[in-house]
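Engineer: okay, here's the prediction I keep looking at, along with the sequence it came from:
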2 protein chains.
Amino acid sequence: MSDTPKLDFLFAPQSIAVVLRSRGLGGFFLKQLVEGDFDGQVYAVCADADELMGLPCYKSVIDIPGPVDYVIIAVSANQTPDVIRECALKGVKAGTLFTAGFSELGTDEGIALEREIVSIAQGGGMRLIGPNCMGIYCPGGGLYFSANLPSARGWFGISSQSGGNAIYLGKMAPRRGAPISKAVSYGNACDINESDLIEYLAEDTETQVIGAYIEGIKDGRRFKKELEKAARAKPTIILKGGATAAGAAVTQSHTASLAGSLRIWDAVIAQTGALQAGSIDEMIDLALLFGYMKPPAGRRIGMVGIGGGISVLAADAFEQKNLSLTRLTPAIQARLQDLHPGAGNIYTNPIDTTALFYQTDGFRKTIEILDDWDEIDIILLHVPYDILAFLTPEHVRHLAMAEKMIGNIGGVRKPVAMLLHCAALKESYELSFDNQDVCWKAGIPAFTSIEGCASALDKFIRFHERKKLRR
Amino acid sequence: MSDTPKLDFLFAPQSIAVVLRSRGLGGFFLKQLVEGDFDGQVYAVCADADELMGLPCYKSVIDIPGPVDYVIIAVSANQTPDVIRECALKGVKAGTLFTAGFSELGTDEGIALEREIVSIAQGGGMRLIGPNCMGIYCPGGGLYFSANLPSARGWFGISSQSGGNAIYLGKMAPRRGAPISKAVSYGNACDINESDLIEYLAEDTETQVIGAYIEGIKDGRRFKKELEKAARAKPTIILKGGATAAGAAVTQSHTASLAGSLRIWDAVIAQTGALQAGSIDEMIDLALLFGYMKPPAGRRIGMVGIGGGISVLAADAFEQKNLSLTRLTPAIQARLQDLHPGAGNIYTNPIDTTALFYQTDGFRKTIEILDDWDEIDIILLHVPYDILAFLTPEHVRHLAMAEKMIGNIGGVRKPVAMLLHCAALKESYELSFDNQDVCWKAGIPAFTSIEGCASALDKFIRFHERKKLRR
């Protein structure tokens, strides 16, 4: 067995051909390659145009003078057998089929057409991604399946049966601090499937955390084996689409997937050591925790921030997830009172005082107290925007709350997380993202909702609790 | 009994005095009155300044030449007894105590001081809001307890024990389509309490929906009675802070509230016919439903929008809340296929086709099909931003998806709601709010998360199911 993961060639093609029609959606893929940072050869293959985006159009892949490593196919479904036959003849190693209209139609014709293209590709030693998918986003290889995707190489590897969900993860995860290593949208999974991709991402050295959106499983036994291997190698987060009868009815039309029994599914995932996310955003929350937080010693939280009522609601939400906000001792409360004198402050856990953001020395000492105290495992900083009466847009910028907080926690030994939320004003929404940047660049995961933070922390801690038990 | 609700005088003072110190936080309240649209007399009472914001400073309320209807007190706690004594002497009808440092401290001194000010005020026939609160936001009266609050009169009445939560609701609810009639932050509730405010909002003709954030109850029997009356009069949404032991520990330090048993609480609320929100944002979601949606005939949803994977996840989330996505008949599916030919579309429920946004005629006919079909009770439009590959900032503006959708549903008889979500790009966040404006101005409630939408719809429908049973 070689040291290079099997599908590595998919992510570093030297030459790409886009097979499209002049007025079809395929122009989008050509545009990304022509205008982006892909530095290999790009070819346009188009039967009904002589030139597209400054490139001459070949009538067939066969006509391209140089070698072609990878092809993106965006012609109508009934044209794909011929295109793939020509690609196989040309020696193309792999192709993404953006084209839809195969087994997901649920018709005999659609199913037969999908079988036909698989058989042609296999005959020619060509691997297929799709059909009915967006293909590959790999910043390191200059491959983009959507506009507005960052070009920085990352560590979060995505396998997604849905193109839309892959694109959302590609945009949102890097913005929140989990940049992408490789993301693959694989649709109907006629050839390369969920197991292949999880196997690959588990071996890929660039990928540190795996996220997989799955609607259906092609081979349950193999999937379980690959998931076990992956979960042993790195944190592996699964989001199941079609967990209910209604959802499952859609997966069939979406990617021709039979969603299967949820109880069996839950049991299998639990056995493998992988985690299940409850939503796409929770997948990102979990990735941030694995990316930035060391395993906490337990589930006792010390929370420091702003806002009485919102601190009460946060305490409720955390306790509902069995995260305890340890009651501070009278001695600690007295020390906090000395540090932040004045009415309107709360010296319980959560600690609430706006003074924290004006008196950086008092804030630093507060964090030291929590860091030194044995009864707390995680320090959670809490900045809800839009609850302060004086919060004008100018104030929002001026306060730079996360920056001040982060700047004053150097030397802290316990895991730290940030909870930034409430964005009623455009300015506070923007500041929330600016402050998230400050956080993850300082190695601190930042959450954007109380409930989301509580749920992800609970799952993250449970993951480490189980891991300890398994040892 | 008079026809004018008892506390009406609080919201329409003709003259207001702010009692403050020159360097204290009280300047904020003076600023709102001086720079805002309050058109009565404003006086500054300050012992350590001769002039503030262009106003001469009186040393005592007594020295003010004209009458004073309402006072905002922002001096230190130990100065408040004298200030209130002078207010009572002057004949001031009501006052808000922004000042903290009373019973919420949990000290004998704090509790005694709060008793003292109540006794002084009662002796002089003066009503108190607070202490430890932000007081009143009433756009109709020109009263603002925070910067960035809209001046348009609304229909959503808020009673909130927390100042921060009141401010968040004051900013976010109008932005999402539920403008405020009156909002009161009442802190420790030493005089005017949760029952008084719910009684008032129930009688207030401007208020159509009530939202109450409550940490503790002063008089359980009266609260139940007022809540029953309110829930009979209009939709009344309660959010409980301190629902867990951890939360309750904070309420004591926040507003000196004893949170009490959650089981008893849940039972009482259910008996009154009020609803419970699970978060502040759900309180807004529910207000939007009561503000804009007529009671649906049942819980069967027809969903139309964009995105395969996200439609699968939405179907799962709705089914988990017992909202069924009725399976479309083969005949309806065939009609939809004729309307939106081409691969990549999904004709199940949810219906997924980007063509909807380009072919307004096809969209209109799709909605007509769902509106005419007996097996569907609610039509839900679904626009997730950031899942489309070609979504550049220019595209985002150009598509104006909600506008196109809303523009094509004239004449629909069934209740319609919009689900707008995913905002990875600044541009899509802004568009999400622009589109929410389009929705609620057209009388359509818009939600910003799948899970939030599912939960609020479930509670809204359950409310109507129970109401039917009670008849």
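Structural biologist: Nice, thanks for sending it over.
Engineer: list the contacts for whichever residue of the stretch 151-300 of chain A sits closest to chain B?
Structural biologist: Residue nearest to chain B within the stretch 151-300 of chain A (Cβ to the nearest Cβ): residue A:162, separated by 2.3 Å. Every residue, glycine included, has its C-beta placed from N, CA and C. Contact partners of residue A:162, counting by Cβ atoms under 8 Å, 6 or more residues apart in numbering or on different chains, are A:185, A:213, A:215, A:241, A:254, A:255, B:307, B:308, B:309, B:310, B:312.
Engineer: and the spatially closest residue to the last one that is not a sequence neighbour, how far is that from residue A:50?
Structural biologist: Counting by Cβ to Cβ, 6 or more residues apart in numbering or on different chains, the nearest residue to residue B:312 once its immediate chain neighbours are dropped is residue A:241, at 3.9 Å. If you measure residue A:241 against residue A:50 using Cβ to Cβ, to the nearest Å, the figure is 42 Å.
Engineer: try residue A:103
Structural biologist: Distance of residue A:103 to residue A:50, given as Cβ to Cβ: 35 Å.
Engineer: who's more crowded, these two?
Structural biologist: Just comparing residue A:103 and residue A:50: by other Cβ atoms under 10 Å in any protein chain shown the higher neighbour count belongs to residue A:103, 22 against 10.
Engineer: name the nearest residue to the more buried one, ignoring sequence neighbours.
Structural biologist: Here the residue nearest residue A:103, using Cβ to Cβ, 6+ apart, is residue A:256, at 3.9 Å.
Engineer: next one: residue A:335
Structural biologist: Spatial nearest neighbour of residue A:335, excluding adjacent residues (Cβ to Cβ, 6+ apart): residue A:369 at 6.1 Å.
Engineer: which residues touch the one you found?
Structural biologist: So residue A:369 contacts A:332, A:335, A:336 (Cβ under 8 Å, 6+ apart).
Engineer: same check on residue A:123?
Structural biologist: By Cβ under 8 Å, 6+ apart, the residues touching residue A:123 are residue A:88.
Engineer: any figure for the gap between it and chain B?
Structural biologist: To chain B, residue A:123 is 24 Å away according to Cβ to the nearest Cβ, to the nearest Å.
Engineer: for that residue, grab phi and psi.
Structural biologist: Dihedral angles phi and psi of residue A:123 (degrees, to the nearest 10) take the values phi -60, psi -30.
Engineer: spit out the contact partners of residue A:229.
Structural biologist: A:199, A:202.
Engineer: that one sits in which helix or strand?
Structural biologist: helix A:220-233 (DSSP states H and E).
Engineer: pull the contacting residues for the residue in the stretch 251-400 of chain A that chain B sits nearest to.
Structural biologist: Proximity of the stretch 251-400 of chain A to chain B (Cβ to the nearest Cβ) peaks at residue A:309, 2.3 Å away. Going by Cβ under 8 Å, 6+ apart, residue A:309 touches A:387, B:160, B:161, B:162, B:163, B:164, B:165, B:166, B:213, B:215, B:241, B:254.
Engineer: wait, isn't the fifth one in contact with residue B:145?
Structural biologist: When you say that, I think you mean residue B:163. Yes: counting by Cβ atoms under 8 Å, residue B:145 is a contact partner of residue B:163 at 7.3 Å.
Engineer: comparing those two, which residue is more hemmed in?
Structural biologist: Ranked by neighbour count (other Cβ under 10 Å), residue B:163 and residue B:145 place residue B:163 first, with 29 against 25.
Engineer: where exactly do the helices run in the stretch 251-400 of chain A?
Structural biologist: With DSSP state H, counting those that start in this stretch as the criterion, the stretch 251-400 of chain A has helices at A:262-272, A:280-292, A:308-320, A:330-339, A:360-372, A:393-399.
Engineer: ah, wrong one, I meant the stretch 51-200 of chain A
Structural biologist: A:80-90, A:108-123, A:163-176, A:194-203.
Engineer: show the pLDDT at the nearest residue to residue A:156 once chain neighbours are set aside.
Structural biologist: Once flanking residues are discounted, residue A:156 sits nearest to residue A:178: 4.3 Å by Cβ to Cβ, 6+ apart. Note on residue A:178: pLDDT of 98.
Engineer: CA atoms of the longest helix along chain A as CSV?
Structural biologist: Across chain A, the longest stretch assigned as helix under DSSP state H is helix A:450-470. What follows is helix A:450-470, C-alpha atoms only, in CSV (Å, rounded to 0.1, in the frame of the first residue of the first chain):
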residue,chain,number,x,y,z
ILE,A,450,-26.2,30.4,23.3
GLU,A,451,-28.0,27.2,22.4
GLY,A,452,-25.5,26.3,19.7
CYS,A,453,-22.6,26.9,22.0
ALA,A,454,-24.2,24.8,24.8
SER,A,455,-25.0,21.9,22.4
ALA,A,456,-21.6,21.8,20.7
LEU,A,457,-19.7,22.0,24.0
ASP,A,458,-21.8,19.1,25.4
LYS,A,459,-21.1,17.0,22.4
PHE,A,460,-17.4,17.9,22.4
ILE,A,461,-17.0,17.0,26.1
ARG,A,462,-19.1,13.8,25.7
PHE,A,463,-16.7,12.8,22.9
HIS,A,464,-13.7,13.2,25.2
GLU,A,465,-15.5,11.4,28.1
ARG,A,466,-16.2,8.4,25.8
LYS,A,467,-12.7,8.4,24.5
LYS,A,468,-11.4,8.1,28.1
LEU,A,469,-13.7,5.2,28.8
ARG,A,470,-12.5,3.4,25.6
